[in-house]
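Participant: need a 3D model of the sequence below.
(one chain, ligands or ions: 2)
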Amino acid sequence: MPTALSELAPLSRYELPPESSVDLDYADLAIIDLSRATTPEGREDLAIQVRDAMIQHGFFYVVNHGYTPSQAQRIFDVADVPFAHVSDDEKKVYAGTMKATGSYQGYKLRQYWHIDAGVHDQLEHYNINRDTSKRQHPEALRPYLGDVTAFAEHNHFNVLHPILRLLARGLELPEDTLVDLHGFSAIGETYAPNESSYPRSLEEEEKTKNVWLKGHTDFGTITILYSQPVGGLQILTPNGVWKWVKYIPNALVINAGDAMEFLSGGYYRATIHRVIQPPEDQQNYTRLGVFYFSMTDDNVKLAPLVESPVLQRIGIVRRFDDKDAPTMETWRKGRTSAYGQSNLTSTGGGVESEVINGVVVKHYT
Ligand SMILES: O=C(O)CCC(=O)C(=O)O
Ligand SMILES: [Fe+2]
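Facilitator: Numbers count the residues shown, from 1 in each chain. Ligands and ions are numbered 1, 2, ... in the order given. Coordinates of the predicted model:
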């Protein structure tokens, strides 16, 4: 069960940069008060709110998820360690092997992904499996692995599972249908990763039209992002307009990925989102992201949950025949090893595509 963030090793503070005062075109996302999920009446209301938010935008905020502001602050402090307190040489020792193994653990060093026009990314990630003992970690991070485990447990049991219960209700399925596919100790690759992005040169900004991370869908079921002040994250609205995601202190930004879209027969869509250059008053700050990317257990076949009365009524949008559905393991490995490494085919209108396990995956500029 979740452990408390107490008796922790001291740690230097990461100052969250100030909020932008630029007037940006923000997406109007629902705010879900997760503390209401503890009562049956609360769950009934929230299930409707979450379903509608998923159908309308595919993104929503969660507040009152159980972390105090100081617990959230500590998570940012820990997340900063692999970037600010590890030398470039040591980072290379702990580099991940995404292309070779399809497993997303360790550093994704800067410049690993191709963005556009020969320009590579300036995003540095450090990804940790929820079982922190799967790999060695840089020395500076080792005193804080207990924090990472507590963070993974908090996300898994206090955020992910309650949301999965609401999403199952929205499909009129038994409440634990999706929870049962997301074990904490099952073999699977849920990550509790961190990400940091560094400012880029003017030339690189021009060549990529300010895009830092191309429009994409996440490949797991649910992504939990800790809202942070440096802007840049945008979602693609159904009418083709990119809208910014606003910072809300101690809120979580939740979205569905491919695996959820497959399981829900297209009912909960994997919304396309991207990262662009932050607004002008934040361009000298690095962006520190804290995420919990969740996936089902590796052996789950990502075929639609046809027993859902909702899907039986409204129909299923299929991306493949149910018998050909990839497992979570096949899908995550295929997408992880190809990302930013494969040659994309331009299909016009700023859309590029690739085929992973026989399924077309699109990238948006
Ligand atoms: O940095 C962000 O705000 C979002 C990054 C993202 O979409 C991803 O890593 O999948
Ligand atoms: Fe993403």
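Participant: now the helices for the stretch 201-350 of the chain?
Facilitator: For the stretch 201-350 of the chain, applying DSSP state H, counting those that start in this stretch gives helices covering 202-207, 258-263, 309-314, 328-338.
Participant: tell me which of the ones you listed sits most buried.
Facilitator: Burial of the helices of the stretch 201-350 of the chain is given as mean neighbour count (mean count of other Cβ atoms under 10 Å); helix 258-263 ranks first at a mean of 26. Quick note: C-beta positions are derived from backbone N, CA and C, even for glycine.
Participant: ok, and does it reach over to ligand 1?
Facilitator: No - with Cβ under 6 Å from any ligand atom as the criterion, ligand 1 is not reached by helix 258-263; the gap is at least 11.7 Å.
Participant: and the closest residue to His85 other than its chain neighbours, how far is that from Lys207?
Facilitator: Closest residue to His85 apart from its sequence neighbours, by Cβ to Cβ, 6 or more residues apart in numbering: Ala140 at 4.1 Å. From Ala140 across to Lys207, the span is 34 Å (Cβ to Cβ, to the nearest Å).
Participant: and Gly232, by the same measure?
Facilitator: As judged by Cβ to Cβ, Gly232 and Lys207 stand 17 Å apart.
Participant: next: Val310.
Facilitator: According to Cβ to Cβ, Val310 and Lys207 sit 45 Å apart.
Participant: how about low-confidence regions in the stretch 51-200 of the chain?
Facilitator: 187-188, 192-193 (pLDDT under 70).
Participant: which bits of it sit near ligand 1?
Facilitator: Residues of the stretch 51-200 of the chain lying close to ligand 1 by Cβ under 6 Å from any ligand atom are Glu195.
Participant: any idea where the strands of the stretch 51-200 of the chain begin and end?
Facilitator: Remark: strands assigned in the stretch 51-200 of the chain by DSSP state E, counting those that start in this stretch are 59-63, 106-108, 114-116, 119-120, 123-127, 194-197.
Participant: got the contact list for the third one?
Facilitator: Outside of strand 114-116, the residues that reach it under the criterion Cβ atoms under 8 Å, 6 or more residues apart in numbering are His120, Asp121, Lys207, Thr208, Lys209, Val211, Trp212, Leu213, Lys214, Gly340, Gln341, Thr365.
Participant: what do you get if the cut-off is 6 Å, keeping everything else the same?
Facilitator: Taking contacts as Cβ atoms under 6 Å, 6 or more residues apart in numbering, the residues outside strand 114-116 that touch it are His120, Asp121, Thr208, Gly340.
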